[in-house]
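Novice: Take a look and give me a structure for this.
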Amino acid sequence: MLFLDLTHTSHTRARTGVQRVAGSLAAALGDRALPICHDPYLGGWRRLDGWERANLASTSPGPRRGARWPLHARLRGYLRRFGAGGKAAGLPAASRGGRAGADPGMAGVICPEIFSPAVAAGLAPLFARANGPRVAVFHDAIALRLPEMTPQKTVARFTSYMRELLAFDGIAAVSEDSRRSLLEYWDWLGVPSRPQVSAIPLGVDPPAAQGPAAPSRGGACAPAPVVLCVGTIEARKNHVALLDACEQLWAGGAVFELRLIGMAQAETGQAALKEIAELRGAGRTLRYDGAVDDATLAAAYRECAFTVYPSLMEGFGLPVLESLANGRPCVCSGQGALGEAARGGGCFTLAEVGAGELVGAISRLLSDPSALATLAAEARARPLRTWAGYARELTEWMGSLAPRR
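Specialist: Next comes the predicted model:
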């Protein structure tokens, strides 16, 4: 049994990348993990309550990224804090076996989220309750690599977070690019002793068997082909370049619909939102759905001709793998972690993801059915790791780690 920290994911209905990773890992681990959270009103760790488990199980997105603690949860936390339950309310009782104060049944700790300062402050007492290795999933260092395209609150927090990762026995980076970026930062700090850092790429589950819909095709009686882009509307996702590319294609007579799915980031997504509004006002075939539920997302993948993921930098690039899992080619960068995800076929990779390069790629796939069919066949043939496979590799790797002093 593993402690699985879901402090943020269990308190938000947002399903951005990190939350989808944390929720998918929890589902894949099943009964092997005990989902827990750090309750600021309790002042300690506890098992998830029913409403928090319902958040995890929900397939409908919420309207905001931030964590939500309703009044009843705050009051319950205070009652537990000052009542008989104490600060360890809901966690397995400590014993004398293994590490000092550890429960013999708890084999380790996994922190798959980018945790807050409050969670970081609570790690030591949590670690003391587990016999096995303590592991964090590291997603990326984009806040330090592209600070001008990252919310400033995230940038201000990130250097502390990357130092706090030194408390773990091991770090599971989601890509080789992310692994290198973390080690390079620690090298720059001059850290003499550090956890083992390994790249363990994320999983993706195959689409549910619903009778795959054929992608939309052009033609006299057929709807225009749909080009799908899935991802948060924020600066580094590079939607402005995609929108500029599509406007050039529409102005040149190309017939297609651009469909955008993803929650907007208030601080860095305004330029893209403004251009979306202008293009829709001009009558362009542009559909923006915002955040959608799982069923709508699955249908969007089935109905599109191909996807475009114009992001400048990612830690992994989950929408690329989701597109391939649905048998749909993806236009994306061939650099960094996205290049790792694209390797193996099914992707139209670009050295640069500017508007000009995107025009060429989209135009090619819209006008050349044989090129699109070749990439689609490669996508369908790709052997992709599932979330169950990811959970298995992660826990097997954890078993190889030696505890650090």
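
Novice: ok, residue 345 - contacts?
Specialist: For residue 345, the contacting residues are 375, 378, 379, 381, 382, by Cβ atoms under 8 Å, 6 or more residues apart in numbering. (Each C-beta comes from the backbone N, C-alpha and C, glycine too.)

Novice: how about 7 Å then?
Specialist: Residues in contact with residue 345, defined by Cβ atoms under 7 Å, 6 or more residues apart in numbering, are 378, 379, 381, 382.

Novice: What is the neighbour count of the third one?
Specialist: Right, residue 381. Look at residue 381: counted by other Cβ atoms under 10 Å, it has 12 neighbours.

Novice: Tell me both backbone torsions, phi and psi, for it.
Specialist: With angles defined as degrees, to the nearest 10, residue 381 sits at phi -90, psi -10.

Novice: In space, what's closest to it - neighbours in sequence excluded?
Specialist: Leaving aside its chain neighbours, residue 381 sits nearest to residue 345 (6.8 Å; criterion: Cβ to Cβ, 6 or more residues apart in numbering).

Novice: related to what we said a few turns ago, looking at the contacts of residue 345, spot the one nearest residue 40.
Specialist: Closest approach to residue 40 among these (Cβ to Cβ): residue 382, at 42.7 Å.

Novice: correct me, but that closest one touches residue 346?
Specialist: Yes: the pair residue 382 and residue 346 qualifies as a contact (Cβ atoms under 7 Å) at a distance of 5.6 Å.

Novice: neighbour-wise, which of these two wins?
Specialist: Taking neighbours as other Cβ under 10 Å, residue 382 and residue 346 compare with residue 346 leading, 25 against 15.

Novice: need the contact list for that one.
Specialist: Residue 346 sits next to 324, 329, 330, 375, 378, 379, 382 when contact means Cβ under 7 Å, 6+ apart.

Novice: tell me the secondary structure for residue 68?
Specialist: The assignment at residue 68 comes out as coil when based on DSSP: H, G, I helix; E, B strand; the rest coil.

Novice: any idea how far it lies from residue 316?
Specialist: 26 Å (Cβ to Cβ, to the nearest Å).

Novice: Name the residue in the two with the higher neighbour count.
Specialist: Each of residue 68 and residue 316 has its neighbours counted (other Cβ under 10 Å); residue 316 has more, 22 against 12.

Novice: How is the chain divided into domains?
Specialist: Domains of the chain are assigned by automatic domain parsing as 2-203+387-399, 226-381.

Novice: What average pLDDT does the last one get?
Specialist: The average of the pLDDT scores along domain 226-381 is 97.

Novice: How about the longest one?
Specialist: Mean pLDDT, computed over domain 2-203+387-399, is 89.

Novice: Just the terminal-to-terminal distance for it.
Specialist: 12 Å (Cα to Cα, to the nearest Å).

Novice: quick check: longest strand of this structure.
Specialist: If you go by DSSP state E, the chain has its longest strand at strand 33-39.

Novice: about what we covered before: identify the contacts common to residue 382 and residue 346.
Specialist: residue 324.

Novice: can you give me the strands for the stretch 51-200 of the chain?
Specialist: With DSSP state E, counting those that start in this stretch applied, the stretch 51-200 of the chain shows strands at 108-111, 134-138, 170-173, 196-199, listed in chain order.

Novice: so what does the last one touch, helix or strand wise?
Specialist: With contacts defined as 3 or more Cβ pairs under 7 Å, 6 or more residues apart in numbering; DSSP states H and E, the packing partners of strand 196-199 are strand 170-173, helix 176-189.

Novice: Give me the contacts around it.
Specialist: Residues contacting strand 196-199 (Cβ under 7 Å, 6+ apart): 170, 171, 172, 173, 175, 176, 179, 182, 183, 397, 401.

Novice: Was I right to think the third one contacts residue 133?
Specialist: Translated: residue 172. No: if you go by Cβ under 7 Å, residue 172 and residue 133 don't touch, sitting 10.6 Å apart.

Novice: Pull the distance from the longest strand of the chain to the chain's centre.
Specialist: Its chain's C-alpha centre and that of strand 33-39 lie 19 Å apart, by Cα atoms, centre = their mean, to the nearest Å.
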